[in-house]
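A.B. asks: What follows is a predicted structure for the sequence shown.
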Amino acid sequence: MAGDFMESNRFIVRRSRVEDLARMLEIYDTARTFMRKSGNDSQWVNGHPAVSLLQDDISAGVSYVIEADDRIVGTFAFIVGDDPTYSEIDGEWLNDAPYGTIHRIASDGSIRGIADACLKYCTSVINNIRIDTHKDNRPMLGWIRKAGFSYCGVIHVSDGTPREAFQLVVNS
């Protein structure tokens, strides 16, 4: 996963650095505002994602930014390996093969295609991807379905709240 990843000469996906944190926080603020305007009042509340979580992601090498026109326009976390949150599901995963999980994907709203660039990068690393979102996050649910993910069931995040869970297996 080292190095930058160019997506169709439009986006660069790269690992986040500490100096990216202020811009990432701006993007999450924009995303929270967008969620509220879209009818999603209960996801990413109380300052989530917390600065400490984002710092931990950067330190662990699982935080990424997406650049366009020499500026950061999106961010996400991508973690390859078992996600404890996904160990129990009210439903069934498509398989038990090794997977990567997309978390905390957000855009500044200035350019379309951020989620597609994220997914393209992630599937270049591993062909088995999981993702979850709140039932009220209609824009994300629409993208997840459009991207070809299959609905697998409901998982519960660390605070106990439910999330719709999906999986995508890309044939290589």
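C.D. replies: Structure received. Numbering: from 1, shown residues only.
A.B. asks: rounded to a whole number, what's the mean pLDDT of stretch 96-115?
C.D. replies: Stretch 96-115 carries an average pLDDT of 93.
A.B. asks: can you pull the buried residues of the strand or helix carrying L25?
C.D. replies: Using DSSP states H and E, L25 sits in helix 21-37. Neighbour-count burial for helix 21-37 flags 21, 23-24, 27-28, 31-32, 35 (criterion: 16 or more other CB atoms under 10 Å). C-beta here means a position set from N, CA and C on the backbone, and glycine is covered the same way.
A.B. asks: ditto for stretch 156-172
C.D. replies: 163-169.
A.B. asks: Now do that stretch: everything it contacts.
C.D. replies: Stretch 156-172 is contacted by residues 42, 85-86, 88-89, 91, 93-95, 97, 99, 119, 123, 127-135, 141, 144, 147-155 when judged by CB atoms under 8 Å, 6 or more residues apart in numbering.
A.B. asks: Now list the buried members of those.
C.D. replies: Buried subset of the contacts of stretch 156-172 (neighbour count, 16+ other CB under 10 Å): 85-86, 89, 93, 99, 119, 123, 127-134, 141, 144, 147, 149, 152-153, 155.
A.B. asks: In helices, which of these appear?
C.D. replies: 119, 123, 141, 144 (DSSP state H).
A.B. asks: From D69, how far out is the closest residue to L119 other than its chain neighbours?
C.D. replies: The shortest distance from L119 to any non-neighbouring residue, by CB to CB, 6 or more residues apart in numbering, is to A147 (5.8 Å). Per CB to CB, to the nearest Å, A147 is found 24 Å from D69.
A.B. asks: cool, I126 as well?
C.D. replies: For I126, the distance to D69 - CB to CB - is 29 Å.
A.B. asks: So for the two, which sits in the more crowded spot?
C.D. replies: The residue with more neighbours, out of I126 and D69, is I126; 17 against 9, by other CB atoms under 10 Å.
A.B. asks: so who does the more buried one touch?
C.D. replies: 80, 98-100.
A.B. asks: do the same with T85
C.D. replies: Counted by CB under 8 Å, 6+ apart, T85 has contacts 132, 155-158.
A.B. asks: ok, now T30?
C.D. replies: 106-109.
A.B. asks: Good, wrapping up.
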